[in-house]
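Undergrad: sequence? don't have it. structure:
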Ligand SMILES: NC(=O)c1ccc[n+]([C@@H]2O[C@H](COP(=O)([O-])OP(=O)(O)OC[C@H]3O[C@@H](n4cnc5c(N)ncnc54)[C@H](OP(=O)(O)O)[C@@H]3O)[C@@H](O)[C@H]2O)c1
């Protein structure tokens, strides 16, 4: 399918690896120029080179997106180069700290909310007004199936992602009349650096010796018994990126306020 994103400007948060990197590449392949951001400059530069290799204009900004200043610096650098953002992908997220409700203190909770929810609030507040003015925009928030079927480990993360889903619906209902379409994508188990790190962290928390285990073994040992997937395999970042690129396009103009699972069949409910 040709999604025809030529001449569109996209901003993808947390785009130096994992799902965000795959989304940035997919949007660039479809013709968009792209702004990317993350903390680590090395991976970010590598991604910027890959995107430029596709013939796209790229802005890469190192910043901590869990802070208001970090978000502001990315917005300013992007607008200074491109003058506008048409497609905003609020992808950055994660579950800081240990697992289990009683192990999580206020700092862990606030860190999870700042990273998963407030980053999206801040980017949306800065960039939606321009989309409204131009009568065209897309905001796609990367939530998680954990918002719909919360586990008992990353309670702070599940709650922040559920907040992100509610935010998406409110913004969708507010701005659809202005041509700004907001949706949420809910990845299930997706093979990224974060998933490997999380598997290692959770196994260690259980007192399991992970010395010498490969990334595959870590994921298989921790996640597969807990999350048997009907499709029979863990997802790839590209599985998520395809859906996001579709939602970013004109073809998805009548999908607004949706919360779409891309999860290998993991979520059991039909709503
Ligand atoms: N993987 C899964 O199974 C899965 C499932 C459901 C939902 N998700 C969601 O999908 C999104 C992407 O996850 P992923 O698995 O691709 O994660 P990942 O592999 O850890 O990649 C995260 C990206 O965000 C950046 N990042 C992390 N913290 C940041 C911060 N404070 N400021 C700026 N950049 C930051 C990272 O770069 P730096 O570290 O250099 O900053 C990296 O580019 C997240 O919202 C996650 O919750 C993932």
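TA: Alright, I've got the coordinates. Please read all numbers here as calculations on a predicted model, not as lab measurements.
Undergrad: in the longest helix seen in the chain, what counts as buried?
TA: Looking across the chain with DSSP state H, the single longest helix is helix 155-175. By 16 or more other CB atoms under 10 Å, the buried positions in helix 155-175 come out as 155-165, 167-169, 171-172, 175. Where you see a C-beta, it was placed from the backbone N, CA and C, and this is true even at glycine.
Undergrad: what's the distance between that helix and the middle of its chain?
TA: With CA atoms, centre = their mean, to the nearest Å as the basis, helix 155-175 stands 13 Å off its chain's centre.
Undergrad: Heading C-terminal from it, find the next helix or strand.
TA: Sequence order places strand 180-187 as the next helix or strand after helix 155-175, per DSSP states H and E.
Undergrad: helices or strands next to that following strand in the packing?
TA: helix 119-134, strand 137-142, helix 155-175, helix 237-248, strand 259-262 (3 or more CB pairs under 8 Å, 6 or more residues apart in numbering; DSSP states H and E).
Undergrad: export the ones you listed to TSV and tack on mean pLDDT?
TA: Formatted as TSV, those follow (pLDDT from 0 to 100):
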stretch	mean pLDDT
helix 119-134	98
strand 137-142	98
helix 155-175	98
helix 237-248	98
strand 259-262	98
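Undergrad: how is the chain carved up into domains?
TA: Listed domain ranges for the chain are 9-188+235-261, 191-232 (source: automatic domain parsing).
Undergrad: What I need now is the ones you listed written out in CSV, including distance to residue 268 for each item.
TA: Below are those laid out as CSV (distance: least, CB to CB, whole Å):
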stretch, distance to residue 268
domain 9-188+235-261, 7
domain 191-232, 9
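Undergrad: So which of those is nearest the ligand?
TA: domain 9-188+235-261 (2.3 Å; CB to the nearest ligand atom).
Undergrad: Quick one: end-to-end length of that closest one, please.
TA: End-to-end distance for domain 9-188+235-261: 25 Å, by CA to CA, to the nearest Å.
Undergrad: quick one: that domain to chain centroid distance?
TA: 5 Å.
Undergrad: To what extent is residue 126 buried, counted in neighbours?
TA: Counted with other CB atoms under 10 Å, residues neighbouring residue 126 total 19.
Undergrad: The ligand contacts on this protein?
TA: 14-20, 38-40, 43, 64-66, 91-94, 115, 142, 144, 187, 189-190, 192-195 (CB under 6 Å from any ligand atom).
Undergrad: May I have the residues that are in contact with the residue lying closest to residue 156 once chain neighbours are set aside?
TA: Distance criterion CB to CB, 6 or more residues apart in numbering; nearest residue to residue 156, sequence neighbours excluded, is residue 112 at 4.0 Å. Residue 112 makes contacts with 94-97, 156-157, 159-160, as judged by CB atoms under 8 Å, 6 or more residues apart in numbering.
Undergrad: Which element, helix or strand, includes residue 112?
TA: Here residue 112 is assigned to helix 106-113, by DSSP H and E.
Undergrad: so who does the spatially most central residue of the chain touch?
TA: Centroid-nearest residue in the chain, with CA atoms, centre = their mean: residue 91, separated by 2.0 Å. By CB under 8 Å, 6+ apart, the residues touching residue 91 are 12-15, 19-20, 23, 142.
Undergrad: Tabulate those residues in CSV, adding columns for secondary structure and neighbour count.
TA: Converted to CSV, the contacts of residue 91 look like this (DSSP: H, G, I helix; E, B strand; the rest coil; neighbours: other CB atoms under 10 Å):
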residue, secondary structure, neighbour count
12, strand, 34
13, strand, 26
14, coil, 26
15, coil, 30
19, helix, 31
20, helix, 28
23, helix, 32
142, strand, 26
